[in-house]
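Visitor: Just a sequence and a predicted model for now, questions to come.
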There are 4 protein chains.
Amino acid sequence: MVRAFARDRDWEQFHTPKNLSMALAGEAGELLAEFQWLTPEQSAAVMDDPELGPRVRAELGDVMIYLVRLADTLGIDLIDAATDKLAEAGRRYTVEAARSSAGKR
Amino acid sequence: MVRAFARDRDWEQFHTPKNLSMALAGEAGELLAEFQWLTPEQSAAVMDDPELGPRVRAELGDVMIYLVRLADTLGIDLIDAATDKLAEAGRRYTVEAARSSAGKR
Amino acid sequence: MVRAFARDRDWEQFHTPKNLSMALAGEAGELLAEFQWLTPEQSAAVMDDPELGPRVRAELGDVMIYLVRLADTLGIDLIDAATDKLAEAGRRYTVEAARSSAGKR
Amino acid sequence: MVRAFARDRDWEQFHTPKNLSMALAGEAGELLAEFQWLTPEQSAAVMDDPELGPRVRAELGDVMIYLVRLADTLGIDLIDAATDKLAEAGRRYTVEAARSSAGKR
């Protein structure tokens, strides 16, 4: 759907990986801005707020759109890339080591 | 998988939406850094580079992991949020208006 | 100094405003990463930490370097731009309105 | 001036280093968004555009404001931090090594 959206509008010319990485980071910045003045506790309840909740959901949608579009232009399968990275993180941060250091933070 | 990864390591205490929005933006920043000195053309061929390609794929994986984790803590369905946002964008940027302005950019 | 640094290394070819805005955002992302798992209270004491303090200071230096370099390539005086923006913010958020709403947050 | 601005509005309670690092990254993201669809050449001429030029200047002002405010809360001298970082970068990327590799990029 995202690919067709861009093609229908003749926007493929703008969708280089470089430009899309900027759009993705820009949307991640807008999401960040929704949380910047909230306490951790307020951020955990953000979806109960009738004004903030829908805004946060819309920003997550924007990040997802550009992430999917970027992955599509690069020929990367996002689920595979995330699964591989999670497996690598699992080897680096073993359950045992992580649990003991988490308590000390 | 991402939820279990955090729970197994006792990291749920750190995974407030506020903190996860920071982690997501930080990873989007690392992805950005891979493209910052490339020309648009070089960025389009980045997956052919034996050194850069795997790094870009790993960064996309990191962004995906934190995006999924953030959506999970907020109870947001990413596909739904992206689909709704795309429909809204379709109403705002109609195919006709977009095609004519894209040529002028 | 930053301008000479780039010229001496023949890096001016890479320092378009577009690329520098990416480098700036990338460094802001690295700074963000230093704070992402800290509580607000821990973040306030970060300079007392012998390991984190120097890292945060170095990241602030990086952000400053790219901000100055970007302003230089655009011919923008940073102090003027910030002063103008602060004056505008002062008209938008008057002291009276801000004080009463700050208490309610 | 930035410190007085926050104090006058009772906003010091929100200005933890953690929150300010988020605001800084959010503003860097807005700056990024101004450049995301421009070619490198268009980005170099952005200040000649009567609409984009003032917007870019205002975004640079915003980044500067939060960078200064963050440095102030941390007790960091930005000029010193940047100068130290530049000296370190000079040792890492010597003029000779940089010039020869810049040509190959």
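Guide: Structure received. Numbering: from 1, shown residues only, chains lettered A, B, ... in the order given.

Visitor: How much space separates A:Ala58 from B:Ala82?
Guide: 10 Å (CB to CB, to the nearest Å). Every residue, glycine included, has its C-beta placed from N, CA and C.

Visitor: Same check on A:Arg9?
Guide: Distance of A:Arg9 to B:Ala82, given as CB to CB: 17 Å.

Visitor: and the helix or strand where A:Ala4 lies, anywhere near chain B?
Guide: Assigned by DSSP states H and E, A:Ala4 falls within helix A:2-8. Yes: residues of helix A:2-8 contacting chain B under CB under 8 Å from any CB of the partner chain: A:2, A:5, A:8.

Visitor: which SS state does the spatially closest residue to A:Leu20 that is not a sequence neighbour fall under?
Guide: The shortest distance from A:Leu20 to any residue other than its chain neighbours is 4.1 Å, reached at A:Leu70 (CB to CB, 6 or more residues apart in numbering or on different chains). Under DSSP: H, G, I helix; E, B strand; the rest coil, A:Leu70 falls in the helix class.

Visitor: Which elements pack onto the helix holding A:Ala4?
Guide: Other helices and strands packing on helix A:2-8, by 3 or more CB pairs under 8 Å, 6 or more residues apart in numbering or on different chains; DSSP states H and E, are helix A:52-74, helix B:78-92.

Visitor: In contact with the most centrally placed residue in chain A, which residues?
Guide: Compute the mean C-alpha point of chain A, and by CA atoms, centre = their mean the closest residue is A:Val63, 5.2 Å away. Residues in contact with A:Val63 (CB atoms under 8 Å, 6 or more residues apart in numbering or on different chains) are A:24, A:27-28, A:31, B:24, B:28, B:67.

Visitor: Below-threshold pLDDT in chain A: ranges please.
Guide: A:102-105 (pLDDT under 70).

Visitor: swap the cut-off to 90 and go again
Guide: A:97-105 (pLDDT under 90).

Visitor: Name the nearest residue to whatever residue of chain A ends up closest to chain D, ignoring sequence neighbours.
Guide: Nearest residue of chain A to chain D: A:Gly29, at 2.0 Å (CB to the nearest CB). Nearest non-adjacent residue to A:Gly29, counting by CB to CB, 6+ apart: D:Gly29, 2.0 Å away.

Visitor: Hmm, A:Leu31 and the one you found touching each other?
Guide: No: counting by CB atoms under 8 Å, D:Gly29 does not reach A:Leu31; the two are 9.2 Å apart.

Visitor: Overlap in contacts, the two.
Guide: B:Ala25.

Visitor: out of the helices and strands packed on helix A:2-8, nearest to D:Ser100?
Guide: When the helices and strands packed on helix A:2-8 are compared by CB to CB, helix A:52-74 sits nearest D:Ser100, at 30.1 Å.

Visitor: what's the angle between the closest one and helix B:78-92?
Guide: In terms of direction (axes from the mean of the first three to the mean of the last three CA atoms, to 10 degrees), helix A:52-74 departs from helix B:78-92 by 90 degrees.

Visitor: tell me which parts of chain A are close to chain D?
Guide: Counting by CB under 8 Å from any CB, chain A sits next to chain D at A:14, A:19, A:22-23, A:25-30, A:32-33, A:35-37.

Visitor: Tell me which of the residues you listed fall in helices.
Guide: Among these, DSSP state H puts A:19, A:22-23, A:25-30, A:32-33, A:35 in helices.

Visitor: List phi and psi for A:Pro45.
Guide: If you look again at residue A:45, you'll see it is Ala, not Pro. phi -110, psi 20 (degrees, to the nearest 10).

Visitor: and what of A:Asp49?
Guide: Taking degrees, to the nearest 10, you get phi -80, psi 120 for the backbone angles of A:Asp49.

Visitor: got it, and A:Trp37?
Guide: Main-chain dihedrals, A:Trp37, degrees, to the nearest 10: phi -100, psi 0.

Visitor: and it, how many neighbours does it have?
Guide: Neighbour count of A:Trp37, defined by other CB atoms under 10 Å in any protein chain shown: 19.

Visitor: Excluding chain neighbours, give the residue nearest to it in space.
Guide: Nearest residue to A:Trp37 in three dimensions, chain neighbours excluded: D:Phe14, at 4.9 Å (CB to CB, 6+ apart).

Visitor: okay but A:Arg9 is in contact with B:Val95, surely?
Guide: Yes: counting by CB under 8 Å, A:Arg9 touches B:Val95, with 5.9 Å between them.

Visitor: quick one, which of those two is more surrounded?
Guide: Shown here are A:Arg9 and B:Val95; by other CB under 10 Å, A:Arg9 has more neighbours (20 against 12).

Visitor: ok, now which ones touch the nearest residue to A:Val63 once chain neighbours are set aside?
Guide: Nearest non-adjacent residue to A:Val63, counting by CB to CB, 6+ apart: A:Glu27, 4.7 Å away. A:Glu27 is in contact with A:59, A:62-63, A:66, D:29, counting by CB under 8 Å, 6+ apart.

Visitor: next one: A:Phe35
Guide: Contacts of A:Phe35 by CB under 8 Å, 6+ apart are A:43, A:46, B:17-18, B:21-22, D:22.

Visitor: Of these, which are in range of chain C?
Guide: B:22, D:22.

Visitor: Please tabulate the contacts of A:Phe35 in TSV, including the columns neighbour count.
Guide: Shown next, in TSV, are the contacts of A:Phe35 (neighbours: other CB atoms under 10 Å in any protein chain shown):
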residue	neighbour count
A:Ser43	22
A:Val46	21
B:Pro17	25
B:Lys18	26
B:Ser21	33
B:Met22	29
D:Met22	29
